[in-house]
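> Sequence plus the predicted model coming up.
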Amino acid sequence: MFQNPMFRRGMRVFNAVVVFFTKAPVLRRYLGRSFAEISYVGRRSGRTFSTPVNYRLSGDEYVIGAVMPDQKTWWRNFLGAGRPLTLRIDGVDHHGHAIAHRDTRGRVTVRMRPDA
């Protein structure tokens, strides 16, 4: 189902709409509290990618949950030692280092510690 080209196209459209709303001045105040756009360089392609995510602040780290992780690939860029990540919240870029972790139940979280 998730490899279906129509589904993937639909997800691209959905992501574009979410990113648009997070950039709209009036809506950004409300969506910016839990939605952000991440940007990162692919570990194999070297290309820059951006996608909307839901996040929360936990202490001095940003925690991003990967919804349906087996159907997504973006979080795999942060396995092992992790990689740099930019988190755009309310129009402000937060740069840091992110590491992905998969728990025993298959849930994936990506923790990003901002640069000092």
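Sure thing, it's come through. Numbers count the residues shown, from 1 in each chain.

> mind listing what the closest residue to Val67 other than its chain neighbours touches?
In this structure, Val67 finds its nearest non-sequential neighbour in Asn54, 7.6 Å apart by C-beta to C-beta, 6 or more residues apart in numbering. C-betas here are computed from N, CA, C, even on glycine. By C-beta atoms under 8 Å, 6 or more residues apart in numbering, the contact list for Asn54 reads 34-36, 64-65, 67.

> List the buried residues of the helix or strand where Asn54 lies.
Element membership for Asn54 (DSSP states H and E) is strand 48-58. By neighbour count on 16 or more other C-beta atoms under 10 Å, the buried set for strand 48-58 is 51-53, 55.

> how about a markdown table for the residues you listed, with distance to Arg44 and pLDDT added?
Converted to a markdown table, the buried residues of strand 48-58 look like this (distance: C-beta to C-beta, whole Å; pLDDT from 0 to 100):
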| residue | distance to Arg44 | pLDDT |
| --- | --- | --- |
| Thr51 | 17 | 88 |
| Pro52 | 22 | 88 |
| Val53 | 21 | 91 |
| Tyr55 | 25 | 94 |
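
> residue ranges of the helices in this structure, please?
Listed in chain order, the helices of the chain (DSSP state H) span 5-23, 25-31.

> between those, which has the poorest average model confidence?
Here the helices of the chain differ in mean pLDDT, and the lowest is helix 25-31 at a mean of 59.

> which regions of this structure lie under the pLDDT threshold?
Confidence mapping of the chain against pLDDT under 70 gives the ranges 1-3, 7-8, 10-11, 14-33.

> now Arg56, nearest residue through space, not along the chain?
Closest to Arg56 by C-beta to C-beta, 6+ apart is Val63, at 5.3 Å.
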